[in-house]
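Asks: Turn this into a structure:
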Amino acid sequence: MSPPRALPRRDIHHAVHYRFGCYRPLAPLPVPVDYSLTGTEWEEDFRAAFTSWYNPLPRLLNSQRNLLMKSAVRWFPHSTDLANKMHSAFMPPANRLNRKLAFLLFLLALAPAVSVAQSWGPVQIAGREIWPGESLRYPYGGETSFESAYLDAPVFVARGTNPGPVLCITAGVHGDEISGTEIARRAFSWVDPASLSGMVIAFPMVNAAGVRTGNRYMQDRRDLNREFPGRSDGSVSAIVANSLFTTIAGHCNYLVDLHTGSFSRNNLPQIRVTGRDPRALEIARHFGVGIVIIADGPPGSLRRETGDVGIPAIIYEAGEPLRFNLDQIAAGVRGIESLMAYLDMTRDSKSTEIPESRIYTRTSWVRVPVGAGGYFFPTTEMGQIVTKGDRLGTIVDPLTDRQTKVEATENGEIIGMAVAQIVLSGYALVHLGVSHR
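Replies: Next comes the predicted model:
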């Protein structure tokens, strides 16, 4: 932060030593302004000086004193016009009439700052106060106890200097889906609150203990993505779900939930979204990965429950669990950048060409036939278009050498597939996108 150029040093001292036209000099500044300082040191110095000017203001502004004192150091550097108006109001007028006029002009000049500060001031996120222009990373919990270790997930918050929508990003709801955690980290790392309109709240490791240990489920062996909106008096999973859901419902305008394939399955980059909310469908399309699947999601899932309270929500699915899939990570970061540009959250955003989306309204799974378990070896590629009867892979019984062909049950595009592994009856092998519009 640098000193506001609209208030040179000699004029600041005019403001300090005159009480809006009253020629009785005020007491010297308790902490003189040192213009050789930079960053937070200068901000603290300026705050002390501003306090000494501000205390003599008439009682009309007493109720706004604390708010304006805090907002001054944040808003002045971004508003030269406002600083110039305040500078004019601070200068000693020639007579009593000019004093009244100057004070009136001061109030008028201050009104926009009060309005902006009140409507886009600090917010409380997970027990921390975040001011416009700040970017913080801190633990979501804060309590020190044996059970609080389950609530130690990190939260990243960047609050822009300008009002705008609030985008929430969640990852690591399933602890083994680690690519999403890296997408959230990378996407947040380039967010500059000075040029951001709105706020980004990222929960990069919702199931933090699961991410650290590679465990898909919570410590109580529950699937967290079936526990939302949760309960404050329930199981550990229900408490974590309730804590996260309360924050999302209270602050977020849009939600992106980051996932990968499950149980050694790989997903082609795709967006899953409800077909009941046109706003959600638009952000799904502007994410820009080209494949959109219309599905409400299971009850208790974060995306479905968030959508049910009126917040447009999408899932980005890409890659395998327990692996960092770099291409899919890069595609996820580009998708978040594209979405933020669409929501006008970033300044001077380069126009992103959105590919034509294949919007699938129906998908189907090809599964292991009953009694045909063994070693699965796929013979097709992700994204391949297949027709009914095409060979997708082979299952070999290692004890009898019997081979079972895995065939497409209908025409479609391969949007998800199991990697080579041991499989049993009924296991989902290949995910086909079938009907699209």
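Asks: Can you list the buried residues in stretch 184-202?
Replies: For stretch 184-202, the neighbour count (16 or more other Cβ atoms under 10 Å) marks 184-185, 187-188, 191, 193, 196-202 as buried. Every C-beta, even on glycine, is put in place using the N, C-alpha and C of the backbone.
Asks: what's the most distant pair in these?
Replies: The widest separation within these, taken as Cβ to Cβ, falls between Arg185 and Ser197 and amounts to 22.1 Å.
Asks: where along this protein do the helices fall?
Replies: Using DSSP state H, the helices of the chain run over residues 9-17, 39-54, 65-75, 80-90, 96-119, 178-189, 208-213, 236-251, 278-287, 302-308, 326-342.
Asks: re the thing from before, name the nearest of the buried residues of stretch 184-202 relative to Thr404.
Replies: Ala184 (40.1 Å).
Asks: so who does Val309 touch?
Replies: Val309 makes contact with Pro229, Ala249 under the criterion Cβ atoms under 8 Å, 6 or more residues apart in numbering.
Asks: scratch that, Thr170
Replies: Counting by Cβ under 8 Å, 6+ apart, Thr170 has contacts Ala184, Ala202, Phe203, Val206, Leu244, Ile248, Leu255, Val256, Asp257, Leu258, Leu302.
Asks: okay if I get those residues as CSV plus pLDDT and distance to Ala418?
Replies: Compiled in CSV, the contacts of Thr170 are given as follows (pLDDT from 0 to 100; distance: Cβ to Cβ, whole Å):
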residue, pLDDT, distance to Ala418
Ala184, 98, 26
Ala202, 98, 30
Phe203, 97, 29
Val206, 96, 25
Leu244, 95, 30
Ile248, 97, 32
Leu255, 98, 29
Val256, 98, 26
Asp257, 98, 23
Leu258, 98, 21
Leu302, 98, 25
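Asks: Quick one: the residues you listed as JSON lines, columns for distance to Arg226 too.
Replies: JSON lines is the format used below for the contacts of Thr170 (distance: Cβ to Cβ, whole Å):
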{"residue": "Ala184", "distance to Arg226": "21"}
{"residue": "Ala202", "distance to Arg226": "23"}
{"residue": "Phe203", "distance to Arg226": "18"}
{"residue": "Val206", "distance to Arg226": "13"}
{"residue": "Leu244", "distance to Arg226": "14"}
{"residue": "Ile248", "distance to Arg226": "17"}
{"residue": "Leu255", "distance to Arg226": "17"}
{"residue": "Val256", "distance to Arg226": "20"}
{"residue": "Asp257", "distance to Arg226": "14"}
{"residue": "Leu258", "distance to Arg226": "17"}
{"residue": "Leu302", "distance to Arg226": "10"}
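Asks: Filter the residues you listed down to just the buried residues.
Replies: Judged by 16+ other Cβ under 10 Å, buried ones among the contacts of Thr170: Ala184, Ala202, Phe203, Val206, Leu244, Ile248, Leu255, Val256, Asp257, Leu258, Leu302.
Asks: Distance of the second one relative to Gly383?
Replies: Okay, so that is Ala202. Applying Cβ to Cβ, to the nearest Å, the value for Ala202 to Gly383 is 29 Å.
Asks: and if you look at the first one?
Replies: Taking Cβ to Cβ as the measure, Ala184 and Gly383 are separated by 25 Å.
Asks: Same question for the fifth one.
Replies: Per Cβ to Cβ, Leu244 is found 33 Å from Gly383.
Asks: now the last one
Replies: Between Leu302 and Gly383 the distance, using Cβ to Cβ, works out to 27 Å.
Asks: One more: the third one?
Replies: The gap separating Phe203 from Gly383 is 30 Å, by Cβ to Cβ.
Asks: Closest one to Asp397 out of the buried residues of stretch 184-202, please.
Replies: Of those, the one sitting nearest to Asp397 (Cβ to Cβ) turns out to be Ala184, at 42.0 Å.
Asks: just checking, that closest one touches Leu167?
Replies: No. Using Cβ atoms under 8 Å, Ala184 makes no contact with Leu167, being 11.5 Å away.
Asks: List the contacts of the closest residue to Tyr427 other than its chain neighbours.
Replies: Of all residues not flanking Tyr427 in the chain, Val368 sits nearest, at 4.7 Å (Cβ to Cβ, 6 or more residues apart in numbering). Val368 sits next to Phe376, Ile395, Val406, Val423, Leu424, Ser425, Gly426, Tyr427, Leu429 when contact means Cβ under 8 Å, 6+ apart.
Asks: Looking at those residues, which are in strands?
Replies: Phe376, Ile395, Val406, Val423, Leu429 (DSSP state E).
Asks: List the buried residues in stretch 358-375.
Replies: Buried positions in stretch 358-375, judged by neighbour count with 16+ other Cβ under 10 Å: Ile359, Tyr360, Thr363, Val366, Arg367, Val368, Ala372, Gly373, Gly374.
Asks: so how far is Pro312 from His436?
Replies: 21 Å.
Asks: Neighbour count: those two, which is higher?
Replies: Taking neighbours as other Cβ atoms under 10 Å, His436 and Pro312 compare with Pro312 leading, 21 against 17.
Asks: so the more buried one makes contact with Arg276?
Replies: No. At 10.5 Å, Pro312 and Arg276 do not qualify as touching, with contact defined as Cβ under 8 Å.
Asks: Quickly list what's touching both of those two.
Replies: Counting by Cβ under 8 Å, 6+ apart, Pro312 and Arg276 have no shared contacts at all.
Asks: related to what we said a few turns ago, turn the buried residues of stretch 184-202 into a markdown table, including distance to Glu129.
Replies: What follows is the buried residues of stretch 184-202, written out as a markdown table (distance: Cβ to Cβ, whole Å):
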| residue | distance to Glu129 |
| --- | --- |
| Ala184 | 22 |
| Arg185 | 23 |
| Ala187 | 24 |
| Phe188 | 19 |
| Val191 | 19 |
| Pro193 | 14 |
| Leu196 | 18 |
| Ser197 | 20 |
| Gly198 | 18 |
| Met199 | 13 |
| Val200 | 17 |
| Ile201 | 14 |
| Ala202 | 18 |
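Asks: Alright, calling it a day.
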